[in-house]
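Enquirer: just the structure for this:
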Amino acid sequence: MLSKYSVSGFTKNSKRYGNLLVYEMLLSKWYRHHDNYCGCEKDIIDAHVIPAGFSVIRKGDGYVTIVGPKLTEDVDERMLTTNALWEAVTGTPGRQSWYEPIRET
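Expert: Purely as a prediction, here's the structure:
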């Protein structure tokens, strides 16, 4: 497993990712969002995540770890949301109004 946690989230792990801030996507969670909002029946990584400018850093055990603009790059780390990823995956603007912490492992 990529994370000792069972949820998606922002992570810094120097052993796995160096100095990168990454987002670990719990695929079962994001597939549900994709199915409920998009319905294109394509793979969310190939059809949405990569075309939106996100890069896949690691895959495995139900997670895909990504980095990219407005998610983990050029962002204020005290004010992190998944709004950019939500828009890429669902095709609708993200409305997350709370900020997510960074798990440092």
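Enquirer: correct me, but Glu104 touches Phe10?
Expert: No - using C-beta atoms under 8 Å, Glu104 is not in contact with Phe10, being 9.8 Å away. No exception for glycine: its C-beta is placed from N, CA and C like everyone else's.
Enquirer: higher neighbour count, the two?
Expert: Phe10 (21 against 10; other C-beta atoms under 10 Å).
Enquirer: how near is that one to Ala47?
Expert: 23 Å (C-beta to C-beta, to the nearest Å).
Enquirer: check this protein for its longest helix and report it.
Expert: If you go by DSSP state H, the chain has its longest helix at helix 27-37.
Enquirer: now the element after it, going C-ward?
Expert: Sequence-wise, the next helix or strand downstream of helix 27-37 (DSSP states H and E) is helix 44.
Enquirer: strands paired with the following helix or strand past that next one, and their directions?
Expert: As assigned by DSSP H and E, the chain's next helix or strand after helix 44 is strand 55-60. Paired strands of strand 55-60, with direction, are strand 63-67 (antiparallel) (DSSP bridges).
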